[in-house]
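K.L.:
Coordinates for the following, if possible.
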Amino acid sequence: MNLYAKLQDREAQGRPLRIGVIGAGKFAAMYLAQALRTPGVHVAGIADLSPASARGNLERVGWKPESHAAASLDSALKERRTHVSEDWEALVSHPMIDLVIEATGNPVAAVTHALAAFRNGKHVIMVTVEADAVCGPMLAKKAKEAGVVYSLAYGDQPAIICDLVDWARTAGFSVVAAGRGHKWLPHFAQSTPETVWEHYGLTPEQARVGGLNPKMFNSFLDGSKPAIESTAVCNATGLTPAPGGLSYPSVSIDALPGIMRPKAEGGCLHHKGQVEVVSSLERDGRVIPYDIRFGVWVVFEGETEYIRRCFMEYGVRTDPSGRYACMYKRWHLIGLEVGISVASVGLRGEPTGCPTGFRADAVASAKRDLRAGEILDGEGGFTVVGALMPAADSLRVGALPLGLAHQVKLLNPLKAGEPVHWSDVTFDTSNDAVRLRREMESQFTAPRQRAA
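P.N.:
Residues are numbered from 1 along each chain as shown. Below is the predicted model of the structure:
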């Protein structure tokens, strides 16, 4: 409740949090637009494969050219300006940097960046949630061993869901279900970068003029990103997926308490303590009024007659029995909210969501019939789509995590809908992400499902 006051104190003391950012794309640019307006924070360095593009993004979001013209990190720290370069290693190893924001969107690179940051005593805010889905529990373990904090990024839906779950539990409620919204119809699972814009209602030319990345947008549409984000939520909160993964029920906000309850009580849940994603569309394509497409929600339980009476007295929307209620945020502001993580991690040493176990997995499955010898192209592409799976099931069948299904060669043919297995692809065992994932598989066991 007092993060802003603490930031003001750091500003008054001349001791701002010193931030390094790796990757200056859309998400990071949104944070950087807000960092200008936040006391007690100094973005000392930005590392990006294209420094020129990074500088262009800075100026596009309101930075003056002189503010990011520092010749070195030392100069930037001395002058309270920002140094922009390609050298992420220099950034994470500089002794004056307190905290690193990893925002490349590349899970393989992100794991390498995080491990290097830990070795150098830096906290890490992981914007690249794909990396967390691959081996987040192990990243959290490595951070703890190094005496630093590893955190999901507030503003992205997983961290905000974690916040709602924590709110409910801290207030004494049992969490029945939690998740996010999504624009979903079943055939979207077969969408490719060539078909994505027709589903979004845009022409290819409109998308080109807007600079929109079809593969990235398709990763949301086809269900890959919801699977990835739901994995992060499960591994951070203790909630678990249904055995069949996400079902995307069509639900309005007001109907959430009635639908997000056990099947035996008229809802859709396999078990209490479940993660789910709800669709903003009816199955015939009609838009649901008062939807939560861009937001997050938690359904919790009033376990006594007195609590349920309180729900009624204060106008809380519940299921017909009055037992189940919900709280929600209808929108999230992506990178504009990452400053919450920066302040929480940097000032309190508290993550805004952090894996505590290996409970769920986002695995790759064939988007179409695939031939041996094909090169998989990862989330949002033409070859594979993400699916949420209980971790125990993923381990049992040897499923390949979606974040590692990029630029790897397929050894065996697969039918559409079949999971991709480790044994179906070639992979580099020296790769940090592969190595850490395999280490995680050998060390973590998935806990049995439980009510939250």
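K.L.:
Every contact and neighbour count from this point should use C-alpha atoms.
P.N.:
Will do.
K.L.:
Tell me which residues of the lowest-mean-pLDDT helix or strand in the chain come out buried.
P.N.:
Sorting the helices and strands of the chain by mean pLDDT, DSSP states H and E puts helix 204-209 at the bottom, at a mean of 81. Neighbour counts over helix 204-209 (16 or more other Cα atoms under 10 Å) mark Pro204 as buried.
K.L.:
Contacts made by it with the rest, please.
P.N.:
For helix 204-209, contacts defined as Cα atoms under 8 Å, 6 or more residues apart in numbering pick out 197, 213-214.
K.L.:
CA atoms of that helix as PDB?
P.N.:
C-alpha atoms of helix 204-209 as PDB (Å, rounded to 0.1, in the frame of the first residue of the first chain):
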ATOM      1  CA  PRO A 204      -3.200  -7.600 -43.900                       C
ATOM      2  CA  GLU A 205      -2.600  -4.000 -45.000                       C
ATOM      3  CA  GLN A 206      -4.000  -2.500 -41.800                       C
ATOM      4  CA  ALA A 207      -1.800  -4.900 -39.800                       C
ATOM      5  CA  ARG A 208       1.200  -4.000 -41.900                       C
ATOM      6  CA  VAL A 209       0.700  -0.200 -41.500                       C
END
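K.L.:
C-terminal to that helix, what's the next element?
P.N.:
Sequence order places helix 214-221 as the next helix or strand after helix 204-209, per DSSP states H and E.
K.L.:
How far away from the center of its chain is that following helix?
P.N.:
The chain centre lies 15 Å from the centre of helix 214-221; the measure is Cα atoms, centre = their mean, to the nearest Å.
K.L.:
quick one, the longest strand along the chain and helix 214-221 angle?
P.N.:
For the chain, the longest strand by residue count, based on DSSP state E, is strand 174-182. Angle of strand 174-182 versus helix 214-221, following axes from the mean of the first three to the mean of the last three Cα atoms, to 10 degrees, is 140 degrees.
K.L.:
So which residue is dead centre in this structure?
P.N.:
When Cα atoms, centre = their mean is applied to the chain, the residue found nearest the centroid is Val129 (3.9 Å).
K.L.:
Helices along the stretch 351-452 of the chain, start to end?
P.N.:
Taking DSSP state H, counting those that start in this stretch to define them, one finds helices in the stretch 351-452 of the chain at 391-397, 432-443.
K.L.:
per-residue confidence averaged over the last one?
P.N.:
For helix 432-443, the mean pLDDT works out to 95.
K.L.:
and for that helix, what are the contacting residues?
P.N.:
Applying Cα under 8 Å, 6+ apart, the contact partners of helix 432-443 are 107-109, 111-112, 131, 134-135, 137-138, 395, 404, 427-429.
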